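> predicted coordinates and the sequence they were generated for:
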Amino acid sequence: QIQFVESGGGLVQPGASTSLYCTASPSNANIVLMGWYRQAPGKDREMVATLNTHGTRAYADSVKGRFTIFAPVANNTVILQMKNLQPDDTGVYLCYAEHRTKVSGMWYSEDKWGSGTQVTVSS
């Protein structure tokens, strides 16, 4: 079973910066992509940023140039640096992992989700 430890976020003022941290365990889990999604009140869950094992990054258009996702040395850990936060960035940020498993010789992908951490951008 994949488990997540998420931290960071909280209440920040418009224009401020903060970071979100996510570690998935166990460290030897076959995770091929990690990232962050967000769920705002009354809106669909949307992808914010992802990073795969090849180093390819993807960002929502609304956060390009402001958010950066990267992985430190630790396995299955991603950090999302968020700058110039705006009220529209408010929401619950959920850590995501694409977990690959091999069953009877076949590879399968599973979507795994953390419980989320709240980011509120308000003055």
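Ah, there it is.
> taking the centroid of this protein, which residue is nearest it?
The central residue of the chain, meaning the one whose C-alpha is nearest the mean C-alpha position (Cα atoms, centre = their mean), is Trp36 at 2.0 Å.
> my read is it is in a strand, agree?
Yes - Trp36 sits within a strand when classified using DSSP: H, G, I helix; E, B strand; the rest coil.
> which stretches of this structure aren't confidently modelled?
Scanning the chain for pLDDT under 70 picks out 73-74.
> quick check: chain neighbours aside, which residue is closest to the residue nearest to the centre of the chain?
Val48 (4.5 Å; Cβ to Cβ, 6 or more residues apart in numbering). Every C-beta, even on glycine, is put in place using the N, C-alpha and C of the backbone.
> that neighbour against Ala60, yeah?
Yes - taking contacts as Cβ atoms under 8 Å, Val48 lies within contact range of Ala60: 5.4 Å.
> if you count surrounding residues, which of those two has more?
A count of neighbours by other Cβ atoms under 10 Å puts Val48 above the other of Val48 and Ala60, at 24 against 15.
> could you list the buried residues of whichever strand or helix holds the more buried one?
Assigned by DSSP states H and E, Val48 belongs to strand 46-52. Neighbour counts using 16 or more other Cβ atoms under 10 Å place Val48, Ala49, Thr50, Leu51 of strand 46-52 among the buried residues.
> for Arg100, see how far away Met106 is.
11 Å (Cβ to Cβ, to the nearest Å).
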